[in-house]
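Q: dropping the sequence and predicted coords here.
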Amino acid sequence: MQMKDLLALPAFAKARLLAGKRGLDKPLRSANMIHSFDPGVNMEPHQLLLAATFKKGHPYSLVAFVQELSKQKCAGLVVQTKRLEKAIPAVVIDACNRLHLPLFELPDTIHFSEFVHQLTQFLLTGQTTELHQALEIHRRFADVIVSGGNGTSVVVQLASMLNVPALLLNDQLDMIASSDPVTNDSFFEKYWRLRELIPSKQLPTLQLSILQEENENPCAVFPIRTACARKGYLIVLGSASKSDCPFALAIEQAANVLSFELMKLHAAEQQARLAQNSFFFRLSRRAPPFRNGARRIVSFLCQQGLCIHCCPLR
């Protein structure tokens, strides 16, 4: 859900967008009511704040309040003004425009309780729809694994759904899987730029981050954390405008499935390492002196059932 979707609510028919028009594409996750414009407010990211009245205060303290909302990734601010109250100060409107924070004004002709009711229904409906979409997308990725696919198959499926290239990197930023051939020069150049760019960023775990260099197309990076504390990176080289599929949901669900694939790879590596350690330990304890060394080693391998070319020695 985005802030611009609120414009379809009947309660917004008479509402005015005072500032922050360029911020209407911000995601909307929840809503909360406030009773004072305190700069020390704590809120969740992508939350819409509702104020049933506009309390007068020093304009610059209100600007500090707006700046704090922007730092905490506030989705927007809805204020209902009364007939006896002064208009919202111009410096506050300018700050909202500068920070791309949508600021709506509800006239007193709109019952605030009705607006809250419509907003609650809208959020619940949107979250229910998003949950169904997430389940459907997750099922599609899970079906790829159940049918015998691997991490590469999931990455290819994700790229097909979003119509943009995708790749999977391990914790050392080495490529594990990609939807496009590595021989593609432009694709390979982007990969090497990402190897340099990702270590310089403090990317939050289990959260989608958008990286964009100057004069370059944006790319979405989703760090994957597994139970073994080793992580990978799921990267989509493109933006959400190229597909009707929910962009963030598709990446998140693909990352969920790929996290299990990374754990399987880690388990296989650990099993192979244990087998190697066990073999060389037994070899060092039981192998005879290396007189005619090659034949004696092969004989030992035959006894352990580890040699596939043992017939000539029997």
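A: Happy to help now that I have it.
Q: all strands of the stretch 101-250 of the chain, in order?
A: Using DSSP state E, counting those that start in this stretch, the strands of the stretch 101-250 of the chain run over 103-106, 166-169, 175-178, 209-211, 219-225, 231-236.
Q: for residue 116, which of the ones you listed is the nearest?
A: Distance to residue 116, taken as Cβ to Cβ, is lowest for strand 103-106 among the strands of the stretch 101-250 of the chain, at 10.6 Å. Quick note: C-beta positions are derived from backbone N, CA and C, even for glycine.
Q: low-confidence stretches in the chain?
A: 39, 53-60, 82-86, 182-187, 200-208, 211-216, 226-230, 239-245, 283-314 (pLDDT under 70).
Q: can you do 90?
A: 1-97, 100-314 (pLDDT under 90).
Q: select the longest helix from it.
A: In the chain, with assignment by DSSP state H, the single longest helix is helix 247-286.
Q: packing partners of that helix?
A: On a contact count with 3 or more Cβ pairs under 8 Å, 6 or more residues apart in numbering; DSSP states H and E, helix 247-286 meets helix 112-146, helix 151-162, strand 219-225, strand 231-236, helix 293-303.
Q: turn the ones you listed into JSON lines, including distance to residue 279 and mean neighbour count.
A: Putting the helices and strands packed on helix 247-286 into JSON lines (distance: least, Cβ to Cβ, whole Å; neighbours: other Cβ atoms under 10 Å) gives the following:
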{"stretch": "helix 112-146", "distance to residue 279": "31", "mean neighbour count": "14"}
{"stretch": "helix 151-162", "distance to residue 279": "28", "mean neighbour count": "21"}
{"stretch": "strand 219-225", "distance to residue 279": "32", "mean neighbour count": "20"}
{"stretch": "strand 231-236", "distance to residue 279": "29", "mean neighbour count": "23"}
{"stretch": "helix 293-303", "distance to residue 279": "9", "mean neighbour count": "14"}
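Q: mind putting these in JSON lines, distance to residue 251 included?
A: Output for the helices and strands packed on helix 247-286, formatted as JSON lines (distance: least, Cβ to Cβ, whole Å):
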{"stretch": "helix 112-146", "distance to residue 251": "10"}
{"stretch": "helix 151-162", "distance to residue 251": "7"}
{"stretch": "strand 219-225", "distance to residue 251": "5"}
{"stretch": "strand 231-236", "distance to residue 251": "6"}
{"stretch": "helix 293-303", "distance to residue 251": "47"}
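Q: among the ones you listed, which is nearest residue 276?
A: Closest among the helices and strands packed on helix 247-286, using Cβ to Cβ: helix 293-303, at 13.5 Å.
Q: surely residue 256 and residue 138 touch.
A: Yes - using Cβ atoms under 8 Å, residue 256 makes contact with residue 138 at a distance of 6.7 Å.
Q: rewinding a little: so which of the helices and strands packed on helix 247-286 is nearest residue 16?
A: For residue 16, the closest of the helices and strands packed on helix 247-286 is helix 112-146, at 13.5 Å, according to Cβ to Cβ.
Q: which helices and strands does the closest one pack with?
A: Using 3+ Cβ pairs under 8 Å, 6+ apart, helix 112-146 sits against strand 30-34, strand 47-51, strand 76-80, helix 151-162, helix 247-286.
Q: in contact with residue 114, which residues?
A: Neighbouring residues of residue 114 by Cβ atoms under 8 Å, 6 or more residues apart in numbering: residue 11.
Q: if we can go back for a sec, tell me which of the helices and strands packed on helix 112-146 approaches residue 172 most closely.
A: Of the helices and strands packed on helix 112-146, nearest to residue 172 by Cβ to Cβ is helix 247-286, at 12.5 Å.
Q: from residue 19, how far off is residue 115?
A: According to Cβ to Cβ, to the nearest Å, residue 115 stands 19 Å off from residue 19.
Q: sorry, wrong one. I was asking about residue 191.
A: 41 Å.
Q: mind checking which of these two has more residues around it?
A: A count of neighbours by other Cβ atoms under 10 Å puts residue 19 above the other of residue 191 and residue 19, at 25 against 20.
Q: hmm, that one is touching residue 96, no?
A: Yes - proximity of residue 19 to residue 96 meets the contact threshold set by Cβ under 8 Å, at 3.5 Å.
Q: overlap in contacts of those two?
A: By Cβ under 8 Å, 6+ apart, residue 19 and residue 96 have these common neighbours: 102, 103.
Q: could I have stretch 2-13 exported to PDB, CA atoms only?
A: Extracted in PDB, the C-alpha atoms of stretch 2-13 (Å, rounded to 0.1, in the frame of the first residue of the first chain):
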ATOM      1  CA  GLN A   2       1.100   3.500  -0.700                       C
ATOM      2  CA  MET A   3       0.000   7.000   0.500                       C
ATOM      3  CA  LYS A   4      -1.600   7.800  -2.800                       C
ATOM      4  CA  ASP A   5      -4.000   4.900  -2.300                       C
ATOM      5  CA  LEU A   6      -5.700   7.000   0.500                       C
ATOM      6  CA  LEU A   7      -7.000   9.400  -2.100                       C
ATOM      7  CA  ALA A   8      -9.600   6.800  -3.000                       C
ATOM      8  CA  LEU A   9     -11.200   6.900   0.400                       C
ATOM      9  CA  PRO A  10     -14.500   8.900   0.600                       C
ATOM     10  CA  ALA A  11     -13.300  10.800   3.700                       C
ATOM     11  CA  PHE A  12     -10.500  12.200   1.600                       C
ATOM     12  CA  ALA A  13     -12.900  13.700  -1.000                       C
END
